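> What shape does this take:
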Amino acid sequence: ILIVDDQDFIRLLLRKMLTQIGVAQVIEAGDGESGLRQVAEHAPDLVICDVRMRPLDGFGFVEALRRQPGGETLPVILLTGQADPDTEARARAIGITAFLAKPVQGPALHAQITAAIRAEPPAARS
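Below you'll find the predicted structure:
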């Protein structure tokens, strides 16, 4: 699983939670641009990505990811502190798989990962 978040503490927290639920390999990126490089290098099974980052935010990351070979079907869970209808609609339009509200709780994270892995690929939903 790839974590894309500009906050070190959030990445550490997510890494701990993922390790506790048995995720074998966790890869990290501090922004959307380095996240795209990590996807190309490591081919993760799932991405957990924050919305608000610079220079490339979560929306820009997912839009660019969906244009990459193989990226059109990669499950993405979007982390957000603002789960308003406009943010959710924009995210769904660009093909995110699921939302996870901050602060992240272990059981919710596990449930979203399980659902995202079982979900129909984003490209098939379009």
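
> wait, isn't Gly70 in contact with Asp45?
No. Gly70 is beyond contact range of Asp45, at 11.4 Å (criterion: CB atoms under 8 Å). C-beta here means a position set from N, CA and C on the backbone, and glycine is covered the same way.

> out of these two, which sits in the more crowded spot?
Taking neighbours as other CB atoms under 10 Å, Gly70 and Asp45 compare with Asp45 leading, 15 against 10.

> got the contact list for the closest residue in space to that one that isn't next to it in sequence?
Spatial nearest neighbour of Asp45, chain neighbours left out: Ile1 (6.6 Å); criterion: CB to CB, 6 or more residues apart in numbering. By CB atoms under 8 Å, 6 or more residues apart in numbering, the residues touching Ile1 are 18, 23, 25-27, 44-48, 113.

> got it, and His110?
Neighbours of His110 in contact, by CB under 8 Å, 6+ apart: 17, 21.

> Now do the buried residues in the helix or strand that it is a member of.
His110 is part of helix 106-118, with elements assigned from DSSP states H and E. Buried residues in helix 106-118, defined by neighbour count with 16 or more other CB atoms under 10 Å: 109-110, 112-113, 116.

> Would you format those residues as JSON lines with pLDDT included?
Putting the buried residues of helix 106-118 into JSON lines (pLDDT from 0 to 100) gives the following:
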{"residue": "Leu109", "pLDDT": "93"}
{"residue": "His110", "pLDDT": "93"}
{"residue": "Gln112", "pLDDT": "92"}
{"residue": "Ile113", "pLDDT": "94"}
{"residue": "Ala116", "pLDDT": "89"}
